[in-house]
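In: Next come a sequence and a model predicted from it.
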Amino acid sequence: MLKIGVLRGREDSFPDAVIDEINRRDCGVSAEYIHLGGTSCGEPCPYRVILDRISHEVPYYEVYLKQASMQGTYVVNNPFWMHVDDKFFGYALAKQLGIPVPKTVVLPNRRYEADITEGSLRNMWPIDWDARLQEVGLPCIMKPAFGGGWKSVYKIYSKDDAIRAYEESGSLTMTLQEFIPWQDYIRCLSVGKDRVRAIRYIPRPMGQGEYVQDQSVLDPHDKEMAEEYTKRFNTAIGYDMNALEFAVKDHVLYAIDITNYVCDFDYRSLKDAHFPWVVNTMADFLIEKAKSGERNEVTANWGKYLNK
């Protein structure tokens, strides 16, 4: 019997439900949690597919998954793509793909590790705050290029605000981004690059946002564009599991947060309207990959997708 392995962290509802759904179908594919206590070089991986929900926080899992993928295990998400998951790269890629993005600037780190001295930073130039703030406009948003969960996110109204937030950022790599006064906000859950569920989302700074349970509230044009942009972006970046956020202004969709290597699929967030879709769609996808014999891609082919 083909086996699917699941790596999970603190979450329960989504991985439990996916395993139960796969095993319930009795389709020649079984699913279970993986248990690891060290891995030998060349040790065979017993899983045809692995669903990864935690390696972004546990480096040992990342190392394990790369060897498993090299041996032919299909890993979701592709472990070789983890290191492209910074927000600035996502905006740059989206812009190349013709997806609208807010004006965005990445900034040098405020502080570095102790062994990085001035000699290592001789290419660095002081930030021209007046020019950068004029570029993105005020108010704007300052947020990390890596990470999520509304951690270290600031709304900037002045140069003094920007400098104060920057001083607090420590060793984080921060971005400045144009603030879009949105009329609607959409979050697209996606599985397998092209299976997408667009949902009206109410973002709540410093807290968990709300997925609106009524699917009919979205404007049909905005919904169609959100889903098309999601498929386009996932195909280029190579993610089989993602959640993309778009701020909608005058029916133009601006990509706000579009690289989520491990996104929130918890029942407490999605609730009854959306959780079953995520569970069943992921179960379908994992079973298909287990039976297909497909492997992860190990190199990018950006030119195939990017505008010339």
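Out: Done, it's in.
In: where does the stretch 201-308 of the chain have low pLDDT?
Out: Low-confidence segments of the stretch 201-308 of the chain (pLDDT under 70): 205-207, 300-303, 305-308.
In: redo that, cut-off 80
Out: For the stretch 201-308 of the chain, the stretches flagged by pLDDT under 80 are 205-208, 298-308.
In: can you give me the helices for the stretch 51-200 of the chain?
Out: In the stretch 51-200 of the chain, the helices defined using DSSP state H, counting those that start in this stretch lie at 59-70, 87-96, 129-136, 159-168.
In: Dump the ones you listed to JSON lines, plus mean neighbour count.
Out: Using the backbone N, CA and C atoms, a C-beta is placed for each residue, glycine as well. Formatted as JSON lines, the helices of the stretch 51-200 of the chain follow (neighbours: other CB atoms under 10 Å):
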{"stretch": "helix 59-70", "mean neighbour count": "18"}
{"stretch": "helix 87-96", "mean neighbour count": "19"}
{"stretch": "helix 129-136", "mean neighbour count": "14"}
{"stretch": "helix 159-168", "mean neighbour count": "15"}
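In: Residue 215 is nearest to which of those helices?
Out: Among the helices of the stretch 51-200 of the chain, the nearest to residue 215 by CB to CB is helix 87-96 (24.7 Å).
In: tell me the average confidence for that closest one?
Out: For helix 87-96, the mean per-residue pLDDT is 93.
In: isn't residue 91 right up against residue 106?
Out: No: at 9.1 Å, residue 91 and residue 106 do not qualify as touching, with contact defined as CB atoms under 8 Å.
In: quick revisit: got a markdown table for the helices of the stretch 51-200 of the chain, with distance to residue 215 too?
Out: Formatted as a markdown table, the helices of the stretch 51-200 of the chain follow (distance: least, CB to CB, whole Å):
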| stretch | distance to residue 215 |
| --- | --- |
| helix 59-70 | 34 |
| helix 87-96 | 25 |
| helix 129-136 | 34 |
| helix 159-168 | 37 |
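In: sec struct for residue 46, please.
Out: Secondary structure, DSSP: H, G, I helix; E, B strand; the rest coil: residue 46 is coil.
In: secondary structure class for the most centrally placed residue in the chain?
Out: What sits nearest the mean C-alpha location of the chain, by CA atoms, centre = their mean, is residue 260, with 0.9 Å. Secondary structure, three-state DSSP: residue 260 is coil.
In: Can you tell me who the residue lying closest to it once chain neighbours are set aside pairs with across the strands?
Out: With sequence-adjacent residues excluded and distances taken as CB to CB, 6 or more residues apart in numbering, residue 260 is closest to residue 243, at 4.7 Å. Beta-bridge pairing for residue 243 (DSSP bridges): residue 189.
In: and if you look at residue 200?
Out: Note on residue 200: beta-bridge partners residue 186, judged by DSSP bridges.
In: domain assignment for this protein?
Out: The chain breaks down into these domains under automatic domain parsing: 2-82, 86-100+180-260, 103-178.
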